[in-house]
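Novice: give me a 3D structure for the following:
(5 chains)
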Amino acid sequence: MNERIKEILSWYGSDNPGTRTNLARLLSHGKLGGTGRLVILPVDQGFEHGPARSFAPNPPGYDPHYHFELAIEAGCNAYAAPLGFLEGGVTRYAGQIPLILKLNNHDVLHDDKDPLPAVTGSVRDALRLGCSAIGYTIYPGSSHCVQMYEQLRAIAEEAKASGLAVVVWSYPRGSALSKEGETAMDVVAYAAQIAAQLGAHVIKVKLPTAHLEQAAAKKVYEAEQIPIKTLSERVRHVVQSSFAGRRIVIFSGGAKSDDKNVFEEARAIRDGGGFGSIIGRNSFQRPKPEAIKFLRTVMGIYAGEIP
Amino acid sequence: MNERIKEILSWYGSDNPGTRTNLARLLSHGKLGGTGRLVILPVDQGFEHGPARSFAPNPPGYDPHYHFELAIEAGCNAYAAPLGFLEGGVTRYAGQIPLILKLNNHDVLHDDKDPLPAVTGSVRDALRLGCSAIGYTIYPGSSHCVQMYEQLRAIAEEAKASGLAVVVWSYPRGSALSKEGETAMDVVAYAAQIAAQLGAHVIKVKLPTAHLEQAAAKKVYEAEQIPIKTLSERVRHVVQSSFAGRRIVIFSGGAKSDDKNVFEEARAIRDGGGFGSIIGRNSFQRPKPEAIKFLRTVMGIYAGEIP
Amino acid sequence: MNERIKEILSWYGSDNPGTRTNLARLLSHGKLGGTGRLVILPVDQGFEHGPARSFAPNPPGYDPHYHFELAIEAGCNAYAAPLGFLEGGVTRYAGQIPLILKLNNHDVLHDDKDPLPAVTGSVRDALRLGCSAIGYTIYPGSSHCVQMYEQLRAIAEEAKASGLAVVVWSYPRGSALSKEGETAMDVVAYAAQIAAQLGAHVIKVKLPTAHLEQAAAKKVYEAEQIPIKTLSERVRHVVQSSFAGRRIVIFSGGAKSDDKNVFEEARAIRDGGGFGSIIGRNSFQRPKPEAIKFLRTVMGIYAGEIP
Amino acid sequence: MNERIKEILSWYGSDNPGTRTNLARLLSHGKLGGTGRLVILPVDQGFEHGPARSFAPNPPGYDPHYHFELAIEAGCNAYAAPLGFLEGGVTRYAGQIPLILKLNNHDVLHDDKDPLPAVTGSVRDALRLGCSAIGYTIYPGSSHCVQMYEQLRAIAEEAKASGLAVVVWSYPRGSALSKEGETAMDVVAYAAQIAAQLGAHVIKVKLPTAHLEQAAAKKVYEAEQIPIKTLSERVRHVVQSSFAGRRIVIFSGGAKSDDKNVFEEARAIRDGGGFGSIIGRNSFQRPKPEAIKFLRTVMGIYAGEIP
Amino acid sequence: MNERIKEILSWYGSDNPGTRTNLARLLSHGKLGGTGRLVILPVDQGFEHGPARSFAPNPPGYDPHYHFELAIEAGCNAYAAPLGFLEGGVTRYAGQIPLILKLNNHDVLHDDKDPLPAVTGSVRDALRLGCSAIGYTIYPGSSHCVQMYEQLRAIAEEAKASGLAVVVWSYPRGSALSKEGETAMDVVAYAAQIAAQLGAHVIKVKLPTAHLEQAAAKKVYEAEQIPIKTLSERVRHVVQSSFAGRRIVIFSGGAKSDDKNVFEEARAIRDGGGFGSIIGRNSFQRPKPEAIKFLRTVMGIYAGEIP
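Specialist: Numbering: from 1, shown residues only, chains lettered A, B, ... in the order given. Model prediction:
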């Protein structure tokens, strides 16, 4: 284990050795293993957006085996999915890649301005499936945020006692926020901070824009002249807002987009001190060989092999 | 242990020796140890107001280690923070200062006229992190007050059985109160009383103004000519409303303010029989050397070394 | 133990000996011990109305010790208060007077036409504090009545299994009732019946007026010519409505009032077969010597020493 | 993951994916990772034989850090030790090698013809320390065997539900066996079978001699002409007795011995279809560089690099 | 907190911050606070030997308050006693000295060659009494050792999860050992190792003689020429046997003895790298002023102030 990984683990000094072992697994696996950077494949869109929207662009993705293979062959650090998708393939691929069981999920058959995901798995499930971490989504800004935070508290306590790592998707959303506000600089930084304060080991947020949503925050950003003009600066500010870089922060790729954009974003994340990406639709919605090539390019950027 | 500390502990005669030991720790540590006065550093603003509003004025504050160091170097009696901030540094600073785990928190990404904080930690967390006390916020006046009181009841019962002390932030707020009413004399005194009746060992309220909010109360204040003109008189009335001084009452510093004001307030708290201050933004939002000098001045006022 | 106490205890034949022992303690202590009558000191007004409204008229009342002393020196049968007030003095006065822990409380910082008190203590608290009974308030007529009745059910079940007595404050209130209706004859009798049916050992109601609130009830009162003209007749009807006198029913004194009125009411309670009074503000809002003299007069009336 | 490892994992089809993941970890780590062979470093001799007998020949072994380093540097598949030795170093080496928490241990300060080890750790300990497996010793032939089997049953049930692998040390011993019988062919094969029937994933036995202990068994061995003349044949028979090779069987190295013997034994294990060795005293009782060279030679034999 | 204390705490890296905080308390209190050495006052002799044998030589010792005062006034690091003795004084002295609740005890009204102490307190007791650690005695060599080890395992797991430290008295005794063997070099080193492997944070053993009890061990001591001639060498070997000095080992004073002997022993413990003494009878069986002078001399030796 190299010094960078040891340094990252040292930030989690209050955690038990089991949790640190599982964090080490996430950081040591795949093409980026040992670099301190991560690229994770998440596939919860079947639940979150529906199967056709998720998998029709690349029909092999309807098959749970497909995503295990994609993540393994591409050399991702980990694969994250809900209970069913993991159960649907884990036996065949057990031990081949660290797994993250996403413990809550939300569908859009009943959508809501103030969403509340359902808890769809348990820490016991994560242990029996051999996962290294549990994943949990919070929607700061939702009127149901109290319920989400309290569920996460209980789940994280159990996960940590069981030696698992806790990955929190922190996505601002709800009646209190404008659409633009969901990715506003101040709001994303705040969402990262909330996840960190709730005890997340790994924090996942969206890439922020330069928009500032909350008046009281805007005043401070302007008075203190916090640099947020470039994406790289904004990433740096999110990392700073996650305990001055003492927590792993990764960024989601979002909807399918032009490859050049994704690569530019990866560079900005890298240069801003971010720890990596969690890339779903941009990878599994294209044929596997292309997806692997695409993911390898992103990894190459993080590894510094591609400028 | 001097007579003053023994006298204070004697007020908690129905508590078990574990809780009294932890109260003794809070009262014995730091520059004010043994004086019966306390200055506590609380840093929950990252959660409550967001990271930039909290830490941009003094960026080292983004780092959880910073606040442990500030509290230790300044000689505070204790450091209070949510789960994440404690987990982020406790291993390095274990045993160097009494800790208070703030067990509920509220963010302003979804704010509400009638706020309800989320429970973000547990008594078991407080034990495993080596805390001396748990902290809990109630908002008397909120339509959710019943839920908060009942959560506090259950948490306090468990904390007391485990030998921990219970610190209650009692902040009137909600649709039943005017903005001015939140710091009205009658309302703050009432909030202190409610915290005491709920079994708090240490009560934290805001400094009250001379405003009287509730008609029925106003009649009594006028009829009985309760002296509330000076800040010192109002502090005395809050202390009286906290079981005639048989409970430790401390006052929050509020938003960043002119130093002279803070010192004047400390003098008023001291002269009115208050037990001390819990000072967050006024201390951690300036460079550490200045913060230490500032906190030492406040402590000097409480210790009677500065008139 | 005299025959009257044995007779009263015989009404509680389905209760375990522990509960009967604690009922015997309430009936055997103080100046009225052994008479079958009770005068109880309740001090929950600090929580229910706020500290200044409660204690400013007689400032020693801010101190939790004061009320223990008042109840003991006056020779009351018991002292009833919320958690904080009991914890604040119980160690010093343990064993000197039967205690009733009031397990739910309501404040007026957030008031409501349909009030729901918060549960602020537990049966475990009552045991560890050495109480003889728990107290619980229901508001028949509130839209939250189901929640209150169900909480009471669970608490009473636990209290009885632990050998404690159950005292129910039954105060009609809520959007379903007119202000006048809260003390209407039919409504108060109904409230007493509900408390008795919920398993209360001791029922506390307000003194009823001759007003009849509910049309269906009014028809019966008039058809059957139930005598309710004098206060004494109305008391007799409440006692009758509490299982034909097989439950202890006591009456609250209400807001501070002219002494002569209170004595007249005590005579009416006595003559109507009521079991006594629970007198808070009329006693603790005057200097202790006067309060003791006042309480002794009420006790004298119940004891038949004063006509 | 290569075909051999997948084949081995396929034998454990009734186990949950978590257990299979942890078996995969044992089979994938270190110099022999992926070969289907294992060399494990066990250090429980401090407890089993005392510190001086164990560590005086190579005093750095008194230090719990030493054995983590030895196992990691030599490229062992796993390191197995009791609670104290794991707790004494795990934080520093978390994530660097699969760990096996030995859950029961026996000392010789009170020895017994019919030994009963004490349970000295728990499955919860194994999870919080980040272990891949728990280890447990049974002594078939001891009068306490029922207690050991039943303890193992309960522990294995919990371990498997938690996704851990179960390694059973099966050492015939007790008043029912002669000294020679403890390593008799029939007895060792029987011990392996018992461990397999009790649900062990990995079975550890001593190398058997050609002696046959039990008359009824001897008759069959002779009638059926089971080939047990060479060590390699005897290993093959043990593997056969462990569900026809569907369970991983490894062999213990025993007391310090001539290196050539150990290498010969490794060849016999390899050629007889055994899965590897668990080598304690022969490795940690010599200076680290020599130990590493020694272990590498054993691994080379298993890997087929050394004939 | 100085570097030595931080170094000692670093050995307990697998423990949670709560346990490390309580270890820090033991190491930071009293005259030796911060030196890395400890002198602890244990008073369990009233239970273990009877009251007259224990307290008649200095009758104030019958009073539980006496020992709190002795430990506090002498500046001991901690005071250790069974439930009753702690309950008998803890409220008065809460917060004045770290406490160790001895959770099992043995009396000699029914003695046994193979003793089994009774569990006489719980981890919950330790929390409610405000203790920093629990104490537990094992008798390696007793035929009941399995039961003791297993009780300790369960108690230590609960204590560690609750943030307490675990102190193990490891006293070889039982039918398997000669009287001389109980303090034999090999046996004491073995007893220290067993306590460490069972997860003790602090180990207490008797000072060993140069006698070697077990034949198998003797052979090794002689072959490896382990230096054990002087007491200081033997202490060094015990420290080595306790994870190469990564566990705190302290030595018991034994029966009342000549002061010069005790001082000589303290010098040998200090020079051999031992961490201190736990001195009962030699301190509390003489008048308090003499006891304090005596304990201060021992502390002076450990502090290096007395050569």
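
Novice: phi first, then psi, for A:V262.
Specialist: Main-chain torsions, A:V262, degrees, to the nearest 10: phi -60, psi -40.

Novice: actually A:D111, not the one I wrote
Specialist: Per-residue torsions, A:D111: phi -100, psi 170 (degrees, to the nearest 10).

Novice: how much space separates it from A:E48?
Specialist: According to CB to CB, to the nearest Å, A:D111 and A:E48 sit 10 Å apart. All C-beta atoms are positioned from the backbone trio N, CA, C, and that covers glycine.

Novice: quick one, which of the two is more surrounded?
Specialist: A:E48 (19 against 8; other CB atoms under 10 Å in any protein chain shown).

Novice: wait, doesn't the more buried one sit right on A:D107?
Specialist: Yes. A:E48 is in contact with A:D107 according to CB atoms under 8 Å; the separation is 6.6 Å.

Novice: what about the residue of the stretch 151-300 of chain A found nearest chain D, neighbour count?
Specialist: Closest approach of the stretch 151-300 of chain A to chain D (CB to the nearest CB) occurs at A:G163, with a separation of 4.5 Å. Per other CB under 10 Å, the neighbour tally for A:G163 reads 25.

Novice: residue contacts, it?
Specialist: A:16-19, A:21-22, D:127-130 (CB atoms under 8 Å, 6 or more residues apart in numbering or on different chains).

Novice: out of the residues you listed, who's nearest chain C?
Specialist: After measuring the contacts of A:G163 against chain C - CB to the nearest CB - the closest member comes out as D:R128, at 30.2 Å.

Novice: per-residue pLDDT, the residue of the stretch 151-300 of chain A closest to chain D?
Specialist: At A:G163, the pLDDT value in this model is 98.

Novice: which helix or strand contains the closest residue to it other than its chain neighbours?
Specialist: The spatially closest residue to A:G163, leaving aside those adjacent along the chain, is A:G18, at 2.0 Å (CB to CB, 6 or more residues apart in numbering or on different chains). Take DSSP states H and E as the rule and A:G18 turns out to sit in helix A:17-28.

Novice: what sits up against that helix?
Specialist: A:1, A:5, A:8-9, A:12, A:15, A:33-34, A:36, A:38, A:77-78, A:98, A:132-133, A:160, A:162-165, A:201-202, A:248, D:90-91, D:94-96, D:127-131, E:14.

Novice: same check, this time on stretch A:66-78
Specialist: By CB under 8 Å, 6+ apart, stretch A:66-78 touches A:26-27, A:29-33, A:38-41, A:43, A:60-61, A:79, A:81, A:85, A:89-90, A:92-93, A:96-100, A:132-133, A:276, A:283-284, A:288, A:291-292, A:295-296, A:299.

Novice: what about the strands in chain A?
Specialist: Applying DSSP state E to chain A gives strands spanning A:38-42, A:78-81, A:99-102, A:104-105, A:118-119, A:133-138, A:165-170, A:202-206, A:248-252, A:276-278.

Novice: which among these is found nearest to D:C145?
Specialist: With CB to CB as the criterion, D:C145 lies closest to strand A:99-102 of the strands of chain A, at 38.5 Å.

Novice: other SSEs contacting that closest one?
Specialist: Judged by 3 or more CB pairs under 8 Å, 6 or more residues apart in numbering or on different chains; DSSP states H and E, the packing partners of strand A:99-102 are strand A:38-42, strand A:78-81, helix A:83-87, strand A:133-138.

Novice: dump the ones you listed into a markdown table; add mean pLDDT and mean neighbour count as well.
Specialist: As requested, the helices and strands packed on strand A:99-102 are exported to a markdown table (pLDDT from 0 to 100; neighbours: other CB atoms under 10 Å in any protein chain shown):
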| stretch | mean pLDDT | mean neighbour count |
| --- | --- | --- |
| strand A:38-42 | 98 | 27 |
| strand A:78-81 | 98 | 28 |
| helix A:83-87 | 96 | 20 |
| strand A:133-138 | 98 | 27 |
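
Novice: distance to B:K260 for these - can I get that in TSV?
Specialist: Converted to TSV, the helices and strands packed on strand A:99-102 look like this (distance: least, CB to CB, whole Å):
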stretch	distance to B:K260
strand A:38-42	50
strand A:78-81	54
helix A:83-87	60
strand A:133-138	42
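
Novice: check the separation of the first and last residues in stretch A:247-259.
Specialist: 28 Å (CA to CA, to the nearest Å).

Novice: make TSV from the strands of chain A and add distance to C:P227 to it.
Specialist: Output for these, formatted as TSV (distance: least, CB to CB, whole Å):
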stretch	distance to C:P227
strand A:38-42	78
strand A:78-81	76
strand A:99-102	71
strand A:104-105	64
strand A:118-119	61
strand A:133-138	65
strand A:165-170	70
strand A:202-206	74
strand A:248-252	78
strand A:276-278	79
